[in-house]
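*Asks:* Need coordinates for the following:
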Amino acid sequence: MSRSKKAAAVQAGLPGGRASPGAVLPRPTTPTPNPSPQGGGEADSLVLLGKFGRAHGLRGEVRLKSFTADPQAIASYGPLATADGRRFVLKNVRPAPGDQPDLLIARVEGVASREAAESLNRVRLFVPREKLPPPEEDEFLLADLVGLPVETADGFPLGTVVAVPNYGGGDLLEIAPTAGGPSALLPFTKAFVPIVDLPGRRLVADPPSDLYAPARPRKERPGRDKGASP
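*Replies:* Residues are numbered from 1 along each chain as shown. From the prediction side, this is the model:
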């Protein structure tokens, strides 16, 4: 049974939502002077919903990456906050050209020129946590998972969650090893992650023995001459 990550950078509180497929999601940390998954104080009340991208056209429209299950639902949350206290209202959104369902074209209240739209590039948009319905059983805010330490059932530290991507086959935990080195991906299911202890700030995992094993080199096809041209 797959776990789900309700609201914030995934569902935005919409029932039945799933993480958007595609590239690794930006780390949905709460805004702090030195961004960190831990956050603190007032910053912990904000949850990441999207991020502006490049300007689109000449009339003030801007690209917007949405982290909600229904990408266009990001416009239904009213004014969205930034880390530096600004507020933006999305007047309307539509899918951007291409095959990325989480990429939108947005018209923003008060933004009417390309220059104004360009100034929004990389600005992250947050919603107050209290606007999101409480998670149901086995549903979690992505912002609450990123930064959690991961350990085995006998207490052996495996690393820290740095992202929760979904490439279309289910939610994954990207874990950076405690000893350093390349991160590894672990399916976010009850079989591999039986315990999610948010009050205790830890995840208990039952990983495969080769979790951090280096990728195997691709084998040459039989009868193929390495020196021959394709």
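
*Asks:* how many neighbours does residue 58 have?
*Replies:* Residue 58 has 10 neighbours, counted by other CB atoms under 10 Å. For glycine as for every other residue, the C-beta is placed from the backbone atoms N, C-alpha and C.

*Asks:* before we move on, what about residue 78?
*Replies:* 11.

*Asks:* How many residues are close by the closest residue in space to it that isn't next to it in sequence?
*Replies:* Leaving aside its chain neighbours, residue 78 sits nearest to residue 89 (7.1 Å; criterion: CB to CB, 6 or more residues apart in numbering). Residue 89: 14 surrounding residues under other CB under 10 Å.

*Asks:* Surely residue 89 touches residue 108?
*Replies:* Yes - in terms of CB atoms under 8 Å, residue 89 counts as a neighbour of residue 108; the distance is 7.0 Å.

*Asks:* follow-up on the earlier one: show me the residues around the residue nearest to residue 78 that make contact.
*Replies:* Neighbour list for residue 89: 78, 79, 80, 108, 109, 110 [criterion: CB atoms under 8 Å, 6 or more residues apart in numbering].

*Asks:* which one's the longest strand in this structure?
*Replies:* strand 46-56 (DSSP state E).

*Asks:* gap between the least confident helix or strand in the chain by mean pLDDT and the chain center?
*Replies:* Across the helices and strands of the chain, mean pLDDT, DSSP states H and E gives its lowest value to helix 142-145, namely a mean of 83. Per CA atoms, centre = their mean, to the nearest Å, the displacement of helix 142-145 from the mean C-alpha position of its chain is 9 Å.

*Asks:* continuing past it, what's the next helix or strand?
*Replies:* strand 149-151 (DSSP states H and E).

*Asks:* Okay, buried residues for that next one please.
*Replies:* Residues of strand 149-151 classed as buried: 150, 151 (neighbour count, 16 or more other CB atoms under 10 Å).

*Asks:* Please name the strands paired to it in the sheet, noting orientation.
*Replies:* Applying DSSP bridges to the sheet, strand 149-151 is found paired with strand 157-163 (antiparallel), strand 202-204 (parallel).

*Asks:* What confidence value was assigned to residue 141?
*Replies:* Listed pLDDT for residue 141 reads 80.

*Asks:* measure it to residue 147 for me?
*Replies:* 12 Å (CB to CB, to the nearest Å).

*Asks:* neighbour-wise, which of these two wins?
*Replies:* Set residue 141 next to residue 147 and count neighbours by other CB under 10 Å: residue 141 wins out with 22 against 17.

*Asks:* ok, that one touching residue 135?
*Replies:* Yes - Residue 141 is in contact with residue 135 according to CB under 8 Å; the separation is 6.6 Å.

*Asks:* Model confidence for the residue nearest to residue 78, exactly?
*Replies:* 97.

*Asks:* can you give me the end-to-end distance of stretch 169-179?
*Replies:* End-to-end distance for stretch 169-179, by CA to CA, to the nearest Å: 28 Å.
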